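**Student:** Give me a 3D structure for the following:
(chains A, B and C)
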Amino acid sequence: MTRPLTLSVAVLALAAGSAFGADLKFPPGEDARFDWASYEALKAMDLKGQKLTVLGPWLSADRDLFESVLAYFEAATGVDVQYAGSDSFEQQIVIDAEAGSPPDIAVFPQPGLAADLAKKGHLKPLAAGTEDWIKAHYAAGDSWAAYGNYAGPDGAPHQYAFPYKADVKSLVWYVPENFEDAGYAVPQTMEELKALTEEIAADGGTPWCIGLGSGGATGWPATDWVEDLMLRLNPPGDYDAWVVNDLKFDDPKVIAAIEDFGWFARNDAFVAGGAGAVASGDFRDSPKGLFTSPPQCYLHRQASFIPSFFPEGTVIGQDADFFYFPAYADKGLGQPVLGAGTMFAKLTDNPAADAFITFLESPIAHEVWMAQTGFVTPFKAVDPDLYGDPTLQKMGQILREATTFRFDGSDLMPGAIGAGAFWTGMVDYAGGKPAAEVAHAIQATWDTLK
Amino acid sequence: MEQLAYATGTIVAGVFACVAWFWGSNLLLDLIWPPRGPQAGRNITRANLIRPWAFIGPAVLFLGLYLVYPVLNSAARSLMDAGSREFVGLDNYRWLAGDAKFRESIANNMLWLLIVPAASTFLGLIAAQVTDRIRWGNLAKSLIFMPMAISFVGAGVIWKFIYDYRPEGQDQIGLLNAIWVALGHAPQTWLTLPLLNNLFLMAVLIWIQTGFAMVILSAALRGIPEETVEAAILDGANPVQLFFRIKVPQIRGTIAVVWTTITIVVLKVFDIVFVMTNGQWGTQVLANLMYDWMFRGAPDYGRGSAIALVIMALVTPIMIWNIRNARAETR
Amino acid sequence: MSQIAGTKARLVWAVNLAALVLVLLWTIPTFGLLVSSFRDRDQIAATGWWRAAFATEQTGFERAGTAADQLPEGDLFVISGDLTGAGAQVTAWGISSRDPAAFTPGETAELKDGQRLTVAADGAYRLSSPTAFTETRGMRIFLTTAEKPRATLENYARVIGAEGLGRAFLNTMTVTIPATVIPILIAAFAAYALAWMEFPGRALLIAAVVGLLVVPLQLALIPLLKFHNEIGLGKGYMGIWLAHTGFGLPLAIYLLRNYMAGLPREIIESARVDGATEFQIFRRIILPLSFPALASFAIFQFLWVWNDLLVATVFLGNRPDQLVMTGVLRELLGSRGGDWEILAASAFLSIAVPLLVFFALQKYLVRGLLAGSVKGG
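**Tutor:** Here you go, the predicted structure:
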């Protein structure tokens, strides 16, 4: 059905679109896998000469990628988009919003901050229907929509943010050839993963590289572990209750998840350098243990961004690969996926901002980035063949097949917990404090926030 | 090019405006109350009542607008809730009093206040004295001063190569651990050792601030009149006595200034802690705690402001001491 | 007499030695960064910087050629080549990550299907097989090598070649120079008034300046940007100059007032008796005598503005054409900031200009001598 239409539009586009084709990464109409019809449809919005300012966390390579997407919006609508990236985005957006010079669109790496700004009245609700659109068009759409749905200053919930660009966190990285050398197989269940861990240790190797060090943010890699294990030990409802503190942090369920992380991280035989090295080892250095000779470790659990810290020249899919951080077979909780994503929110009433959100609803906005690198999307209407490399495709598949998708919990918790007490608590736990004590301390901090 | 012209234009215009203000106001006063004629005495007195304000006027305007106003603003916000909408009285301060992290920060800040200004000033004094007396003094000064010129992010990396930890058996890339291991000990995760880690963070600030102390104190040492030194030498003072008994007392005022300045830097210390530990493992300090509450995650401006006011309150003793000093000088 | 000379010589030695120790202690950390800036990322993570100049034992693996590289040799198929660069000496090798140092150079390993592999000490290898190779990806050969030190300029090339660095340099200069000059001017007058003019509230004002020294910058950001937005200044150079002036003034006034207060009273009083106006006294006497203090404050303010990122991003903005040097360097580090080799190189590039300023102003610092001699006379 769609194919002939796409083709005919493509021909039209070839005739009309050549003028600005030079600025666009993929010339409109050329590669039939792209949804060029959605691009042409955008041209109905004529906003020539309008300006749109966007503030986001992306710098350098990521910024170039994002700007290659922006180019299509600019070409279609005539809007002049000015993107500014900041590595202190969180602070920047708070200052700009409070001081009265907000950007038109802000790209939040975490829903928590966006929700906070919505409550303080700095965000504008998105157009009616956006919520339904996300629910209908995204895999696990209800979850995604919920992460952009916040209470406004009056307390009434609105759709304030549009999720675009996802990260998959439930990944375990390994070196296939090391597995071959030792005769290990990729585990399909958590039970198998634990058995593999014990097997490697019994063979005299070290199974895991875990590093929590991240300068000012030391501790966060462990929060991902605990969240992933929460999803594997408890139903998603418990997870949702946990991130809003309806399920207390010192609940036995949470303590069990922390201790399950401890099963991996607090065993001297299971982690490179021994349990003592976990808390202070830098997360940027820890994956390098996979590639040493002899290997310091065989497994590394980390999100999709980590290859940028692999040794230079590492080819993903050959020198290193990943598998889904598996679920317990005997819990019947399906295939939960922990992830994150960036949330686009409006801070002004600029009509070009509305047009931009509409642009994000078009497949082309996703396809341009996914055909390059570092982008996965839960959008169901895009052609998965477009993923720039097999790795992305595999991640996209994990995301699409997720029976449960849950956002990184520490990003959803109040900042004092998710970017504070939770981090420090996990550092303390890795350092040897009992899980219950750590959990009590975090809950105590949370209590003071109410 | 256009930008350069703009900048140059501003410098010229700014300088001109400043000079015009100071010169013009001075001239105006002389015109209104000429310091001549039959009423010269009364006129001079009157003009001298106003003249100081003409001189400090721009500074007061700037300080008022760019520092006093934000402080008052924050003082008001410290009595309000997270979004600065509702008045909550002293709730934020009450919360502070009960917060474990706040108490830890106060204790750590006290430790910093005791050690860093003393160590930096003392080392700066030694460096100033020593480098003034050697032939390669200027080079030595520049090298000791260099850490001042490095940004905090740069300093963070530099000290990573000192404090870094690798598990036993691996090559250490941190200098401290390399030495420690060479001496036959097991490698340590220095930045996580309770209490000691505070000292390791302080070492970074001392390393940076000694250059500052050295530059200021060196200028002061050079200002000491030769006669007093020569007289002491004739009296048979040895070099150490000469330094501590004759020279140091004469630059006491400058030492106090350096001490005060570094104390204030310590109160504001934030970047070092933020970059290296972010206040974990018991190294939290007030300025970083304030930053956490002002900008991290879901910011609570009320609490952040309350902490800021505590930081400012801590400087009160130094202010009182300065008032006394200023009065003593006038007398 | 000779005894005094002996003491003096010993003293000179002691002073030189003390200076040397101090200088060493103070430069070793920076020197480590300097060395690291010439090493590549993998080296930095592998060995301490102090070992950069020595041959190091490195372990790792290289890949043999693929089926495309094979040549028939008699009834065998052979892939051969060199695994290491010049200057590396193989001390052990292996074919499995389980046992990466199983063989000594020159030994032959028997692989599956009658394949044989030999690695020589110079890194030359020969892989032979009775049947044709089909691999499209070369097998891993694990090597333990003694490697000569190597240095790279690549980090500097990357930093200097960074997009927009030239523009950012210009921006930084545009920010820094007025932000250094304006506060000095304003502070000098204020400091003179606080030091040498008598008026009610003087002591209180001095104390207020000390108190304002401690105002945390972060607390002023939102109110001030709001203020700039309301008076229509918005974001721009004017805003950032004013902000830096405001933030720099307390230290400037405090340092300058202290210095001026220490100038000899007689000079100023005699000038007053001679009928000089306050403005003349300031310009002809105070300003020249205060040069060392002015120069040292200028250095500090310059450094602070030069290294600042926070004030620049808030009051100037983050668009590529607005970025200052620190902003561009920060971008080079990527969003997760793990590229220590880039950090090292960029730290050294950004330190260059402040050090030049320090050297340039150092001779003014020395003028303190002159001021002192006046005091003595």
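
**Student:** For the rest of this, base every contact and every neighbour count on C-alpha atoms.
**Tutor:** Fine.

**Student:** Break chain C into its domains for me.
**Tutor:** C:2-51, C:56-147, C:158-376 (automatic domain parsing).

**Student:** looking at the ones you listed, which is buried most?
**Tutor:** domain C:158-376 (a mean of 20; mean count of other Cα atoms under 10 Å in any protein chain shown).

**Student:** Quick one: mean pLDDT over that domain.
**Tutor:** Throughout domain C:158-376, pLDDT has a mean value of 81.

**Student:** Next one: that domain, is it in contact with chain A?
**Tutor:** Yes: interface with chain A: domain C:158-376 contributes C:221-227, C:229, C:234, C:313-314, C:317-320, C:330-332, C:334-335, C:338 (Cα under 8 Å from any Cα of the partner chain).

**Student:** Can you sort out which of these also neighbour chain B?
**Tutor:** Answer for the residues of domain C:158-376 next to chain A near chain B (Cα under 8 Å from any Cα): C:Pro223, C:Leu224.

**Student:** Serialize the domains of chain C to CSV and add fields for distance to A:Gly49.
**Tutor:** Shown next, in CSV, are the domains of chain C (distance: least, Cα to Cα, whole Å):
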stretch, distance to A:Gly49
domain C:2-51, 45
domain C:56-147, 53
domain C:158-376, 19
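
**Student:** what's the closest of the ones you listed to B:Leu61?
**Tutor:** With distances scored as Cα to Cα, the stretch of the domains of chain C nearest to B:Leu61 is domain C:158-376 (9.3 Å).

**Student:** Run through the residues of chain B sitting next to chain A.
**Tutor:** Counting by Cα under 8 Å from any Cα, chain B sits next to chain A at B:83, B:95, B:165-168, B:189, B:192, B:273-281, B:292-293, B:295-299.

**Student:** can you tell me which of those are in helices?
**Tutor:** Judged by DSSP state H, those include B:Trp95, B:Val273, B:Phe274, B:Val275, B:Met276, B:Asp292, B:Trp293, B:Phe295 as members of helices.

**Student:** right, and out of those residues, which lies closest to A:Ala279?
**Tutor:** Ranked by distance to A:Ala279 (Cα to Cα), these are led by B:Met276 at 13.6 Å.

**Student:** for A:Ala161, which residues make a bridge with it?
**Tutor:** A:Ala345 (DSSP bridges).

**Student:** residue contacts, it?
**Tutor:** A:Ala114, A:Pro125, A:Leu126, A:Tyr147, A:Gly148, A:Asn149, A:Met343, A:Phe344, A:Ala345, A:Lys346 (Cα atoms under 8 Å, 6 or more residues apart in numbering or on different chains).

**Student:** ok, now C:Val78?
**Tutor:** C:Gln70, C:Leu71, C:Pro72, C:Arg126, C:Leu127, C:Ser128, C:Ser129.

**Student:** roughly how far apart are the nearest residue to it once chain neighbours are set aside and chain B?
**Tutor:** The spatially closest residue to C:Val78, leaving aside those adjacent along the chain, is C:Ser128, at 4.4 Å (Cα to Cα, 6 or more residues apart in numbering or on different chains). Noted for C:Ser128: a distance of 36 Å to chain B, by Cα to the nearest Cα, to the nearest Å.

**Student:** from memory C:Ser128 sits against C:Gln115, does it?
**Tutor:** Yes: counting by Cα atoms under 8 Å, C:Ser128 touches C:Gln115, with 5.5 Å between them.

**Student:** Can you lay out the ones in helices among the residues of chain B next to chain A as JSON lines showing pLDDT, neighbour count and distance to chain C?
**Tutor:** JSON lines is the format used below for these (pLDDT from 0 to 100; neighbours: other Cα atoms under 10 Å in any protein chain shown; distance: Cα to the nearest Cα, whole Å):
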{"residue": "B:Trp95", "pLDDT": "85", "neighbour count": "15", "distance to chain C": "19"}
{"residue": "B:Val273", "pLDDT": "84", "neighbour count": "24", "distance to chain C": "15"}
{"residue": "B:Phe274", "pLDDT": "79", "neighbour count": "25", "distance to chain C": "14"}
{"residue": "B:Val275", "pLDDT": "76", "neighbour count": "19", "distance to chain C": "11"}
{"residue": "B:Met276", "pLDDT": "79", "neighbour count": "25", "distance to chain C": "13"}
{"residue": "B:Asp292", "pLDDT": "80", "neighbour count": "23", "distance to chain C": "11"}
{"residue": "B:Trp293", "pLDDT": "83", "neighbour count": "23", "distance to chain C": "11"}
{"residue": "B:Phe295", "pLDDT": "77", "neighbour count": "23", "distance to chain C": "9"}
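
**Student:** Pick out whichever of these sits closest to C:Ala92.
**Tutor:** B:Met276 (39.1 Å).

**Student:** Does the closest one touch B:Gly156 like I think?
**Tutor:** Yes: under the criterion of Cα under 8 Å, B:Met276 makes contact with B:Gly156 at 6.3 Å.

**Student:** Now do the same contact list for the residue of the stretch 101-250 of chain C found nearest chain A.
**Tutor:** Per Cα to the nearest Cα, the residue of the stretch 101-250 of chain C with the smallest distance to chain A is C:Lys226, at 4.0 Å. C:Lys226 sits next to A:Glu98, A:Ala99, A:Gly100, A:Ser101 when contact means Cα under 8 Å, 6+ apart.

**Student:** same check, this time on C:Leu111
**Tutor:** So C:Leu111 contacts C:Leu117 (Cα under 8 Å, 6+ apart).

**Student:** element containing C:Thr176?
**Tutor:** Using DSSP states H and E, the element containing C:Thr176 is helix C:165-196.

**Student:** near chain B, anything from stretch C:266-279?
**Tutor:** Yes: Stretch C:266-279 reaches chain B (Cα under 8 Å from any Cα) through C:Phe279.
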